[in-house]
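Undergrad: structure here, sequence nowhere to be found:
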C-alpha cells in the first residue's frame, strides 16, 4: 500500500513491553536476520524487547559456528610472478622466444581458470554461512556492506581479494563506520576495482576519491569537484602487493591539500577524517541503513517528513557514539517507529533474503548450493558480482515478470526439489519434512495437521505474516484438501503455492 495511507510514528522511544508480540518478533527476525522458525519467533516473543534485540545485535557473544580462517581459501592462485620469473619473461620477450611466452600465457590462463573455480566455491561458502550461521545479523550486515562498498569479481578477477574483503565487512559488521572507511581505502579489492593502484602524484586517479564521497559516505551535493581532485591527491600511493596493502611513498603527493574545509599535507587518513567531521556523513549512512532495515524514503508527504526526522535522530546517535554503529542500530531496532504497522511487510525481499529466509524459516532442505547461486544470479543478486560500484538498487527493481517467475521456481525447488526441467537428483532422499514446523506451532494450532482449513490458515499467516483474503485462503485450503491427506507432498506443494504469491515477496 502507498506509504502515506498510514503515516508512521516519529517516535524512536523503545517499544513498550505490553506492545511486544510474536508479530514484532517475526518482524525483527526478518529485518535483522533472514526470518526464523515458529520456535525462534516464540522464543524472541517471550523475551523483553531489549533482550530480543540483543539476542541478534550482540552476535559477538554467540558461539557454536566455525570462525572464518585465512586459509579457508587458497591465497596463492593469483600470486604475482617473482623477480626471477619477471626477468625470465623479459629475456624471452627480448629473444622473441614464442615457445617460452606461450608457456607463460598458458600458465596464466590455468591460474585464471582455477581462480574462477575458487570464486564459485566462495559463493557457495558464503551462501552456506548465510543459511547456517547462528549469528544472522552479522551475515545480514556483511551483505549490507557488500552492497554499500560494492566490488565485483568480474572486474578484479582475484577470488582471494574478494574473500579478504568479505572478511573485512564481517569484522566491521556492527563496529565503527569510521574504522571501516579507514580500512576500505586499504582494501586490495577496492583499490583494484577503482584503479587506485595506478594513482601517483604525477597523475592522480580520481575514481576512489569520488566514490568514497559520492557513494560511500556523503552523497551528491555534499562535496565539490575540487574536493575530489584534492582527495585523489591524498590517496596517491595507496596500493597493494599480492594480498596486502602497501603505501608507496615515492608515488604519494605530500603537498598541501584542502578537502571539505580541512587543510594540510593530508593523506588517505586525513581525507577520511575530513569526511567524518561532516554531519552529512552520519546522515548519509544512517539513511542507507534505514532503507536496508526499515523502509524506503517516501517520495513526498508527511511520511517523508517523519522519516527524515527519524534519520536525523539516528545520525545524532551515531555522532554521539563517534560512529560506533551498535548504539544507533539498537535504538532503531527497539523503536516504536521500526515496529510501526507502516513499516511491517513493507520491504521487497532481496533474492538473498528470499532464498536464505525460506531455508531458515521453513526448514527446507538446502539441496544444491550451486543451483541456488544460479537462482540468485537470475533474480539479480549474484553474490560477489554487484552490477556496478553503486551496488544493487533494491526495492521494486528486484521484481519484474522474469525475476518473479524465477522466485517462484526457486521456492518450488527448495520445497519439492522440482527444477524447470526434471527434479534435483537428491529430491527423493531430501523430502521436505513439515512436521517440525507444526510441532513448533502454538497451542492454538494443535491438531492442524488433521484439519486442512486450520492448517492452511496457520501456514498462510506464518509465511505471510498476515491473513489472506477469505476467498484466497479458502482456495489454499481446498488445494490442500485435494490431496486427500496431510503429508510431505501435500504440505510442500501447498507451501509452494503460498510462497508463489506477491505477498510472500514482502518482509
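TA: Arrived safely, thanks for sending. All figures in this text were calculated on a predicted structure; none of them were measured in a lab.

Undergrad: what's the neighbour count on residue 197?
TA: Residue neighbour count, defined by other C-beta atoms under 10 Å, stands at 20 for residue 197. Glycine gets a C-beta too; all of them are placed from N, C-alpha and C.

Undergrad: same check, this time on residue 401
TA: Using other C-beta under 10 Å, residue 401 has 6 other residues around it.

Undergrad: and the longest helix for this protein?
TA: In the chain, with assignment by DSSP state H, the single longest helix is helix 98-132.

Undergrad: now stretch 41-48: average pLDDT?
TA: The average pLDDT within stretch 41-48 is 97.

Undergrad: same check, this time on stretch 66-85
TA: With pLDDT averaged residue by residue, stretch 66-85 scores 91.

Undergrad: next, the buried residues of that stretch.
TA: Buried positions in stretch 66-85, judged by neighbour count with 16 or more other C-beta atoms under 10 Å: 73, 75, 77-78.

Undergrad: what's the helix or strand encompassing residue 374 packed up against?
TA: Assigned by DSSP states H and E, residue 374 belongs to helix 369-379. Here helix 369-379 touches helix 98-132, helix 351-362, helix 401-416, going by 3 or more C-beta pairs under 8 Å, 6 or more residues apart in numbering; DSSP states H and E.

Undergrad: closest to the centroid, which residue in this protein?
TA: The centre of the chain sits closest to residue 143, judged by C-alpha atoms, centre = their mean, with a distance of 2.1 Å.

Undergrad: can you check the pLDDT for the nearest residue to that one once chain neighbours are set aside?
TA: Computed as C-beta to C-beta, 6 or more residues apart in numbering, the closest residue to residue 143 that is not its neighbour in sequence is residue 352, at 6.1 Å. At residue 352, the model reports a pLDDT of 98.

Undergrad: what is the neighbour count of residue 352?
TA: Other residues within reach of residue 352, judged by other C-beta under 10 Å, total 24.

Undergrad: would you agree it is in contact with residue 383?
TA: Yes: counting by C-beta atoms under 8 Å, residue 352 does reach residue 383; the two are 7.2 Å apart.

Undergrad: find residues that contact each of these two.
TA: residue 376 (C-beta atoms under 8 Å, 6 or more residues apart in numbering).

Undergrad: wasn't residue 142 part of a helix?
TA: Yes: judged by DSSP: H, G, I helix; E, B strand; the rest coil, residue 142 forms part of a helix.

Undergrad: quick one: average pLDDT of the longest helix of the chain?
TA: Averaged across helix 98-132, pLDDT comes to 93.

Undergrad: name the helices or strands packed onto it?
TA: Secondary elements touching helix 98-132 (3+ C-beta pairs under 8 Å, 6+ apart): helix 83-94, helix 136-148, helix 159-171, helix 351-362, helix 369-379.

Undergrad: rerun at 7 Å
TA: The contact analysis (3 or more C-beta pairs under 7 Å, 6 or more residues apart in numbering; DSSP states H and E) places helix 98-132 against helix 83-94, helix 159-171, helix 351-362, helix 369-379.
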